[in-house]
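Sharing a sequence plus its predicted fold:
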Amino acid sequence: KFLMQSVNATTVRAMVSDLRRNLDFESLSDNSQSREDDHTSMSQQQRVSADRQDAESLVLDAIRSGMRFQKCVADAWLKEVDRVSTAAEHKAIDLFVVLMLHEMGGAPKAVDNLLFKKIKAGHFSEQLLRQTFGTHGKAMRDYLSTILSLAEA
């Protein structure tokens, strides 16, 4: 959150690029947890799962806040996702960012164009969607209305 609040127009692109590249968003999901020994209690496993969900929510909230309160951060995320040139390079965070930008409505035409361009090019592939929904299903619930409105468009 601190990074998003302390950027300026000259440092924002590098910060967003570094954050996207280095953020291990997949480790925050329920599916990333290794199955504990049979001796590990169910309440301990539930606590670990809740902690990971909280961390995932905090990361997404920090990104959303940064984009909401600083237009240069939203623009940098949009350009960073647009810069990705193959389906294999895309990450779940890219999909979340595009959904957040669409939900916020700051630049609806640019966001819609990017989204449809990525879908048409096969960059937001079925595999990425399955992985994101399967791994981050609980976080995706927050964007179901956005996804529905996009599907109807």
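Everything's here; your move.

By average pLDDT, which secondary structure element in this structure comes out worst?
helix 2-5 (a mean of 59; mean pLDDT, DSSP states H and E).

what stretches of the protein score poorly on pLDDT?
Scanning the chain for pLDDT under 70 picks out 1-6, 27-53.

same thing but at 90, please
1-11, 23-59, 66, 69-70, 105-109, 133-143, 146-153 (pLDDT under 90).

That one: helices as residue ranges?
2-5, 12-22, 42-69, 71-83, 92-104, 108-120, 126-135, 137-140, 144-152 (DSSP state H).

With respect to burial, which of these scores highest?
For the helices of the chain, the largest average neighbour count (mean count of other Cβ atoms under 10 Å) is found in helix 92-104, namely a mean of 21. In this view, the C-beta of every residue, glycine as well, is placed from N, C-alpha and C.

Which other helices and strands does that one contact?
Packing partners of helix 92-104 (3 or more Cβ pairs under 8 Å, 6 or more residues apart in numbering; DSSP states H and E): helix 42-69, helix 71-83, helix 108-120, helix 126-135, helix 144-152.

Just put those in JSON lines and tack on distance to residue 19.
Output for the helices and strands packed on helix 92-104, formatted as JSON lines (distance: least, Cβ to Cβ, whole Å):
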{"stretch": "helix 42-69", "distance to residue 19": "8"}
{"stretch": "helix 71-83", "distance to residue 19": "9"}
{"stretch": "helix 108-120", "distance to residue 19": "18"}
{"stretch": "helix 126-135", "distance to residue 19": "18"}
{"stretch": "helix 144-152", "distance to residue 19": "22"}
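
who wins for proximity to residue 99 among these?
Closest of the helices and strands packed on helix 92-104 to residue 99 is helix 144-152, at 5.2 Å (criterion: Cβ to Cβ).

Enumerate every residue touching residue 57.
Residues in contact with residue 57 (Cβ atoms under 8 Å, 6 or more residues apart in numbering) are residue 139.

roughly how far apart are it and residue 121?
Residue 57 sits 30 Å away from residue 121, going by Cβ to Cβ, to the nearest Å.

try residue 25
From residue 25 to residue 121 the distance is 22 Å (Cβ to Cβ).
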